[in-house]
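1. Just to be clear, the model below is a prediction. Sequence and coordinates:
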Amino acid sequence: MKPAATGTAPPTGGAILLRSLRRRWRTCLPGAVFLMLWQLSEALVPVAIGLIVDHAIGPRDARALLIGLLGMSALFVVLSFAYRFGSRALNRAAHHEAHDLRVEVATHAMTGTATGELVPGEVMSRSTADADKTVTVFDQLGMGASALAGFLGAAVYLLVTDWLIGLLVLVVTPVISVVMSRFGRGISLRSRDQQSATAEAGARAGDIMAGLRVLKGLGGEAWARENYRAASQDSARAAVGTASVTGKVAGIGELAVALTLGAVLLLAGWRVIDGDLGAGQLVGIVGVAVYLSEPIRLLGNTIALTAVAHGAATRIAEFLGRSDPRRAGTARIRRGAVTLGPPGTGTRVDLPVGGLCVLDVPDAATHDAVLAAIAGTAPGAVIDGRPAAEFAVGPAGGVVLAPHSADLFEGTLRSNITLTHDGNAPVDPAVLEASAAREVVDADPAGLDGGIREAGSNLSGGQRQRIALARALHADPVLLVLDDPTSAVDSVTDHAIAHGVRRLRAGRTTLVISDSPSFRAAADTVIELAGAGAEGRRP
């Protein structure tokens, strides 16, 4: 399955739902047809019973009774298999579409969006809970179509058998559906709020778990507990609010069904007393009237639950609609000539092409300004004569920005370095030597296939930093930016890494933002950014 490109993401929840239906119509259409056949078969059950009463039980005709029982058995076989195949088709469509939505959200998070105030837990909520709720639209529309087919089949039977009863059903049921549909927007908004609150609670839980050791060390357990409790209570209130509205809509639907059924039964009884209906017809009408509660209930649920799906789809659409100037560019760096002049620094410096340059920044604000300029999310960097924002970030654009935080993923040493699932992906030994990751690999009996737990929790801080550095060096970009890559290693390892990076990256532009003496000694150029200027020197 190939998900749609993030650049053409629909802007609204309704557009997301329509696009999903267009992508899966070949699976959904047969599924809906099977479910319609299922409901029509359900509607025919009381009709068949009425015919058996009139033509077999009343006249005491054994042959007619046998034929009727065989026909009834065939009817149950049809309705059973129709439901089975219809549900299977719609579930298949839902699972495939949910997968594509998850991939689309994840891809956009990595390559196409500015998450802004969103934290990873909220992004994950959109790719999991929201995606799963969005695709329930397949099941709801399939059930809605089947309910409509069953209702129309029952209405035709009632009109043919007794036009007055049929007219009553045809007039009352649409009124019920219109009234209930007015609750749909309220349910959609509440569902959207519920999903947002759930995502917030999940995000806070993730943050707390990530910093649990620090919280325990500082005695912040009570604060963390109350912080999560508040978010969890907000989520619970939102869920109760959504369930309350949905339940009220369902209750109104059930009440309407009961009133309609009561009216049909009273009218049918009156027609029997007048002699206008026979015993078998009465059985059929009463059975069909009882059956009508099912399609009416399904129609009501379809309205309510489709509104829930719309709310989840709206959250996905909002996320996919986010833009990030850093990701807008598609150009690729050719030479790696960089001119830096971040706003507020009062500096403008040219980095040596094909050399190792160490940039020593005076404070966190300048540090962030430099990284933002190179990433293209802020002005202040020109690469190969063009603004940095015009270049794609990552190996595709020829530039890799390796952040200070060493983020590792559950898998193997090899997969974390190569960022592939290929268990045979080669890793250049020179990369392991330059990053001092050789020691980490050799310490594991499985070598490069040694396991890494989530977030690299089975490695020390220095080991994680070396694997992350190996990953950046393995990408082999034209321009490599390293942000304090050796802060967690000892001085001997720092020295080895500095000279290893210099040897491996010879001829390609490498910028290291660090005050490491080893990197300063190994660099071709050291640039010290001060409050209002920059000083460059060669070691």
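-> That came in fine, so what should we check first? Residues are numbered from 1 along each chain as shown.

2. who's in contact with residue 279?
-> With contact set as Cβ atoms under 8 Å, 6 or more residues apart in numbering, residue 279 has these partners: 53, 54, 58. Backbone N, C-alpha and C define where each C-beta goes, glycine included.

3. for those, which one is nearest residue 457?
-> Nearest to residue 457 out of the contacts of residue 279 is residue 53 (Cβ to Cβ; 71.2 Å).

4. doesn't that closest one fall inside a helix?
-> Yes: according to DSSP: H, G, I helix; E, B strand; the rest coil, residue 53 belongs to a helix.

5. Skipping adjacent residues, who's closest to it in space?
-> Nearest non-adjacent residue to residue 53, counting by Cβ to Cβ, 6 or more residues apart in numbering: residue 280, 3.9 Å away.

6. Would you confirm that residue 388 contacts residue 375?
-> Yes: judged on Cβ atoms under 8 Å, residue 388 makes contact with residue 375 at a distance of 7.0 Å.

7. who has more neighbours, those two?
-> Remark: of residue 388 and residue 375, residue 388 carries more neighbours, 30 against 20, as counted by other Cβ atoms under 10 Å.

8. I'd like to know how far the more buried one sits from residue 477.
-> 14 Å (Cβ to Cβ, to the nearest Å).

9. before we move on, what about residue 231?
-> Counting by Cβ to Cβ, the gap from residue 231 to residue 477 is 40 Å.

10. Among the two, which residue is more densely surrounded?
-> Under the neighbour definition other Cβ under 10 Å, residue 231 and residue 477 were set side by side, and residue 477 has more, 24 against 20.

11. Which element, helix or strand, includes that one?
-> With secondary structure defined by DSSP states H and E, residue 477 is part of neither a helix nor a strand.

12. Which pLDDT value does the model give the residue nearest to it when sequence neighbours are not counted?
-> Excluding its sequence neighbours, the residue lying closest to residue 477 (Cβ to Cβ, 6+ apart) is residue 400, at 4.3 Å. With respect to pLDDT, residue 400 scores 79.

13. Repeat that for residue 531.
-> Residue 531 is assigned 51 on the pLDDT scale.

14. just residue 535 next, same as before
-> At residue 535, pLDDT is 48.

15. Residue 467 too?
-> With respect to pLDDT, residue 467 scores 94.

16. Quick check: it vs residue 444, distance?
-> In this view, residue 467 and residue 444 are 11 Å apart by Cβ to Cβ.

17. Please apply the same query to residue 358.
-> Distance of residue 358 to residue 444, computed by Cβ to Cβ: 32 Å.

18. For these two, indicate the residue with more neighbours.
-> Just comparing residue 358 and residue 444: by other Cβ under 10 Å the higher neighbour count belongs to residue 358, 25 against 16.

19. Bridged to the more buried one, which residues?
-> residue 512, residue 526 (DSSP bridges).

20. Roughly how far does it sit from residue 256?
-> 75 Å.

21. for residue 71, same thing?
-> In this view, residue 71 and residue 256 are 33 Å apart by Cβ to Cβ.

22. rewinding a little: quick one: the residue nearest to residue 53 is in a strand?
-> No: under the criterion used here (three-state DSSP), residue 280 is helix, not part of a strand.

23. Could you count how many residues lie near it?
-> Neighbours of residue 280 (other Cβ under 10 Å): 20.

24. who's in contact with it?
-> 50, 51, 52, 53, 54, 55, 58.

25. If we use 10 Å, what do you get?
-> By Cβ atoms under 10 Å, 6 or more residues apart in numbering, residue 280 lies in contact with 47, 49, 50, 51, 52, 53, 54, 55, 56, 57, 58, 161.

26. do residue 55 as well
-> Shown in contact with residue 55 (Cβ under 10 Å, 6+ apart): 61, 64, 65, 67, 68, 280.

27. Surely the fifth one is in a helix?
-> Read it as residue 68. Yes: under three-state DSSP, residue 68 falls within a helix.

28. before we move on, the earlier item: can you name the residues in contact with the helix or strand hosting the residue nearest to residue 477?
-> Assigned by DSSP H and E, residue 400 belongs to strand 399-402. In this structure, residues lying in contact with strand 399-402 by Cβ under 10 Å, 6+ apart are 326, 332-333, 336, 338, 371, 374-376, 383, 388, 391-394, 465, 468-469, 471-485, 509, 511-512.

29. Restrict that strand to CA atoms and write it as CSV.
-> Only the C-alpha atoms of strand 399-402 are listed here, as CSV (Å, rounded to 0.1, in the frame of the first residue of the first chain):
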residue,chain,number,x,y,z
VAL,A,399,23.2,18.1,4.8
VAL,A,400,22.9,16.3,8.1
LEU,A,401,22.4,18.1,11.4
ALA,A,402,23.3,15.7,14.2
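
30. if we can go back for a sec, okay, residue 71 and residue 256: which has more neighbours?
-> More crowded of residue 71 and residue 256, by other Cβ under 10 Å: residue 256, with 21 against 14.

31. ok, how many other residues are close to the residue lying closest to the more buried one once chain neighbours are set aside?
-> In this structure, residue 256 finds its nearest non-sequential neighbour in residue 176, 4.4 Å apart by Cβ to Cβ, 6+ apart. Neighbour count for residue 176, taken as other Cβ under 10 Å: 19.

32. from what I can see residue 176 touches residue 299, true?
-> Yes: at 8.1 Å, residue 176 and residue 299 qualify as touching, with contact defined as Cβ atoms under 10 Å.
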